[in-house]
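A.B. asks: Take this sequence and fold it.
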Amino acid sequence: MELKVASVLNGRLSVRRTSNVLLDLFAVEANLMRSIAGWVARTGPTEIKLELVRQLYEDSRHADSLRSRIQQLRTSLSWTTQPPPAWRLAFDVLDAAPTVQHFLAALYQCLKPALCAEYRRLRRASDIFSDEPTLNRLAWILEEEEAHVQWGRRKFRELHLDAVSGVSQWLADYAQVLEDAALVGASSELPTSAQGAAGKHDTGFWQKEFAPLPRSVKDPRYSIVSKDFPLHPAIAATDDLSTSGGVANRLHRMLPFEYSTLEACSRNIFEFCDMPWRFYLDMARIAWDERRHAITVIQRLNELDSDVGDFPLPPWTAYEIVMSSDLKDRLLMLHRILEGDALDLYVQRVADLHARDPETARIYDFIEADEIGHTLLGQRWYFHLVGNDREQIERDSIRGWSSVAPKWLCAHEKLSLWAQGKDPDVARPREYVGPSYYELDRKVPIARVGRQLAGFTPSEVERFIEASSGGSVEF
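C.D. replies: Predicted structure coming up:
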């Protein structure tokens with residue numbers, strides 16, 4: 001005799017029906033995270049770029065909270081299946097929107113409002129006494145999703161998106177796609193578990209069909225460094241930290257790195273479908289942290305009577321340097337090499353500024369603490385892909401630095417020449433023939449404990465210290 005699972009018991013949803021709805025909502029939130037992540041690097045205006053990062057991080061938290069509740073309702077995450085074609089189409093169309101304006105219009109006029117409606121429907125059908133854990137989750141998730149919609153609709157009006165050519169018709173077409181998708185179903189049956197259907201790690205993600213990796217789109221206020229870019233009046237032929245202009249210049253140099261990292265982590269979420277669920281949460285968290293750093297730096301620039309665009313950007317950023325690589329090398333070069341070395345540099349900045357500019361020193365101090373966590377997370381996923389083969393890790397590190405160094409060092413040389421009133425165009429990237437990654441003189445104190453907390457081995461840290469003319473500090 002086959003036991004039938006009731007969808008409604010005494011006028012309220014059953015466990016099975018609730019869990020099935022939560023499985024669908026998890027899939028929507030997780031794929032919203034991926035779709036938004038795919039648009040971060042393609043979005044220029046700073047405010048919109050940073051807001052998208054905040055929302056993809058919050059959507060990742062929504063998905064994770066639903067995922068944890070699902071497991072408490074007699075449901076295995078191995079029952080998570082890859083959605084049917086019509087369902088996937090709702091996100092594939094969003095990913096391939098003609099412009100960021102089309103994307104924003106569909107996201108905030110159609111998809112997220114529909115998601116909020118499903119949350120309200122589930123909340124009305126749930127019982128506060130028997131299913132309080134679900135209702136507690138729905139309360140804060142719905143509040144954040146409604147805030148997303150309010151922000152998006154305000155932008156829709158401010159940017160006059162309804163007047164953008166083709167947007168109105170595209171919205172109408174997308175609304176039909178969304179209706180056909182039936183993102184949240186009404187099934188009361190046990191999910192059919194198909195071997196491998198959920199992807200390698202029970203996420204239900206599928207491989208995205210996307211155009212070649214987009215260039216990072218920058219805020220129009222930014223300019224690339226050139227001899228024609230006017231020297232900031234507060235900089236007297238130097239970019240040292242003895243003037244407010246010098247401090248502002250150094251802070252401004254941080255912005256490309258913050259943007260590059262949040263863009264790279266967002267693209268990692270979007271492009272790769274077969275990593276463990278925790279990987280996507282970690283990438284979303286790093287991107288969210290970098291967003292906070294960018295906002296903090298911009299606020300401090302304003303306090304120093306400066307702003308975004310007052311100083312030129314380097315011709316290459318970490319995004320352009322690392323993103324043509326596969327995931328393993330991206331994690332290696334961005335987190336192990338570039339963020340790892342930033343730990344030492346930020347410690348030096350705190351020491352340089354603590355007496356003359358304690359507020360900027362405090363900002364560097366908190367950013368350095370976050371970067372320890374980012375380096376650790378990036379290295380963990382790099383190790384996940386290569387195993388604990390220390391010889392390969394050393395070979396990769398040496399090769400990775402040789403790959404990063406030519407453009408990275410040239411970018412900094414160009415900025416330094418500009419700050420000295422010289423022609424930055426004389427600097428050219430050239431084949432790196434200097435010391436290897438482990439023998440490099442970083443010229444600043446090595447953050448001994450900070451490096452170890454970030455996942456470097458004690459022997460690696462000792463090698464960095466031995467090669468550095470700056471000695472070492474604890475943090």
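
A.B. asks: Leaving out the residues flanking it, which one is nearest to residue 259?
C.D. replies: Once flanking residues are discounted, residue 259 sits nearest to residue 294: 6.5 Å by C-beta to C-beta, 6 or more residues apart in numbering. Placement of C-beta: from N, CA and C, glycine included.

A.B. asks: Hmm, I typed the wrong one, I wanted residue 240.
C.D. replies: In space, residue 240 comes closest to residue 246 once its chain neighbours are excluded; the distance is 5.1 Å by C-beta to C-beta, 6+ apart.

A.B. asks: Quick one: mean pLDDT over the helix or strand where that neighbour lies.
C.D. replies: If you go by DSSP states H and E, residue 246 is part of helix 244-271. Here helix 244-271 scores 94 as its mean pLDDT.

A.B. asks: Repeat that for stretch 388-396.
C.D. replies: For stretch 388-396, mean pLDDT is 93.

A.B. asks: And the contacts of it?
C.D. replies: For stretch 388-396, contacts defined as C-beta atoms under 8 Å, 6 or more residues apart in numbering pick out 328, 329, 332, 383, 386, 438.

A.B. asks: Return the subset of these lying in helices.
C.D. replies: 328, 329, 383, 386 (DSSP state H).

A.B. asks: Using neighbour counts, trim those residues to the buried set.
C.D. replies: Neighbour-count burial (16 or more other C-beta atoms under 10 Å) applied to the ones in helices among the contacts of stretch 388-396 gives residue 329.

A.B. asks: Closest one of the ones in helices among the contacts of stretch 388-396 to residue 461?
C.D. replies: Among these, residue 383 lies closest to residue 461 (C-beta to C-beta), at 16.6 Å.

A.B. asks: measure the most centrally placed residue in the chain to residue 456 for me?
C.D. replies: Closest to where the C-alpha atoms of the chain average out (C-alpha atoms, centre = their mean) is residue 287, at 2.8 Å. In this view, residue 287 and residue 456 are 23 Å apart by C-beta to C-beta, to the nearest Å.

A.B. asks: same thing with residue 99?
C.D. replies: Residue 99 is 43 Å from residue 456, by C-beta to C-beta.

A.B. asks: And for residue 394?
C.D. replies: Applying C-beta to C-beta, the value for residue 394 to residue 456 is 12 Å.

A.B. asks: ditto for residue 256
C.D. replies: Residue 256 is 25 Å from residue 456, by C-beta to C-beta.

A.B. asks: again with residue 300
C.D. replies: The gap separating residue 300 from residue 456 is 29 Å, by C-beta to C-beta.

A.B. asks: what ranges of this protein fall below the confidence cut-off?
C.D. replies: Where the chain drops to pLDDT under 70, the residues are 1-11, 186-200, 209-213, 236-239.

A.B. asks: which residues of it fall in strands?
C.D. replies: Using DSSP state E, the strands of the chain run over 8-9, 12-13, 446-447, 472-473.

A.B. asks: Which one of those strands lies nearest to residue 273?
C.D. replies: Residue 273 lies closest to strand 12-13 among the strands of the chain, at 30.9 Å (C-beta to C-beta).

A.B. asks: which residues touch that closest one?
C.D. replies: For strand 12-13, the external contacting residues (C-beta under 8 Å, 6+ apart) are 7, 21, 122, 125, 126, 127, 130, 131.

A.B. asks: partner strands of it, parallel or antiparallel?
C.D. replies: Applying DSSP bridges, strand 12-13 is found paired with strand 8-9 (antiparallel).

A.B. asks: Do I have it right that residue 281 meets residue 62?
C.D. replies: No - assessed by C-beta atoms under 8 Å, residue 281 is found out of contact with residue 62, at 11.3 Å.

A.B. asks: Please tell me how far stretch 63-74 is from the chain's geometric centre.
C.D. replies: 24 Å (C-alpha atoms, centre = their mean, to the nearest Å).

A.B. asks: for that stretch, which positions count as buried?
C.D. replies: Going by neighbour count (16+ other C-beta under 10 Å), the buried part of stretch 63-74 is 63, 64, 65, 66, 67, 69, 70, 73.

A.B. asks: So what touches it?
C.D. replies: With C-beta under 8 Å, 6+ apart, stretch 63-74 has contacts from 15-16, 18-19, 22-23, 25-26, 29-30, 33, 77, 133-134, 137, 141, 277, 281.

A.B. asks: Just the buried ones among the residues you listed, please.
C.D. replies: Buried members of these, counted by 16+ other C-beta under 10 Å: 15-16, 18-19, 22-23, 25-26, 29-30, 33, 77, 134, 137, 141, 277, 281.

A.B. asks: Narrow those residues to those in helices?
C.D. replies: Among the buried ones among the contacts of stretch 63-74, the members falling in helices (DSSP H) are 15-16, 18-19, 22-23, 25-26, 29-30, 33, 134, 137, 141, 277, 281.

A.B. asks: Look up how far residue 68 lies from the residue nearest to the centre of the chain.
C.D. replies: 22 Å.

A.B. asks: For residue 418, which non-adjacent residue is closest in space?
C.D. replies: Nearest residue to residue 418 in three dimensions, chain neighbours excluded: residue 424, at 4.6 Å (C-beta to C-beta, 6+ apart).

A.B. asks: my guess is the one you found contacts residue 410, does it?
C.D. replies: No - applying C-beta under 8 Å, one finds residue 424 not in contact with residue 410, separated by 9.7 Å.

A.B. asks: Looking at those two now, which is surrounded by more residues?
C.D. replies: residue 424 (23 against 18; other C-beta atoms under 10 Å).

A.B. asks: what residues are up against the more buried one?
C.D. replies: 225, 226, 227, 413, 414, 415, 417, 418.

A.B. asks: Give me the buried subset of those.
C.D. replies: Buried subset of the contacts of residue 424 (neighbour count, 16+ other C-beta under 10 Å): 225, 413, 414, 415, 417, 418.

A.B. asks: which one of those is nearest residue 372?
C.D. replies: Closest approach to residue 372 among the buried ones among the contacts of residue 424 (C-beta to C-beta): residue 415, at 25.6 Å.

A.B. asks: can you pull the contacts of the closest one?
C.D. replies: Residue 415 makes contacts with 225, 239, 253, 312, 314, 424, as judged by C-beta under 8 Å, 6+ apart.

A.B. asks: Likewise for residue 332?
C.D. replies: 382, 396, 397, 400.

A.B. asks: Repeat that for residue 285.
C.D. replies: Residue 285 makes contacts with 57, 60, 377, as judged by C-beta under 8 Å, 6+ apart.

A.B. asks: Which residue is the nearest non-sequential neighbour of the last one?
C.D. replies: If you skip the residues right next to it in sequence, residue 377 has residue 282 as its closest partner in space, 4.6 Å away by C-beta to C-beta, 6+ apart.

A.B. asks: Wait, the one you found touches residue 381, no?
C.D. replies: Yes - between residue 282 and residue 381 a contact is recorded at 7.0 Å, counting by C-beta under 8 Å.

A.B. asks: related to what we said a few turns ago, what about residue 394 and residue 456, which has more around it?
C.D. replies: Using other C-beta under 10 Å, the more surrounded residue of residue 394 and residue 456 is residue 456, with 23 against 15.
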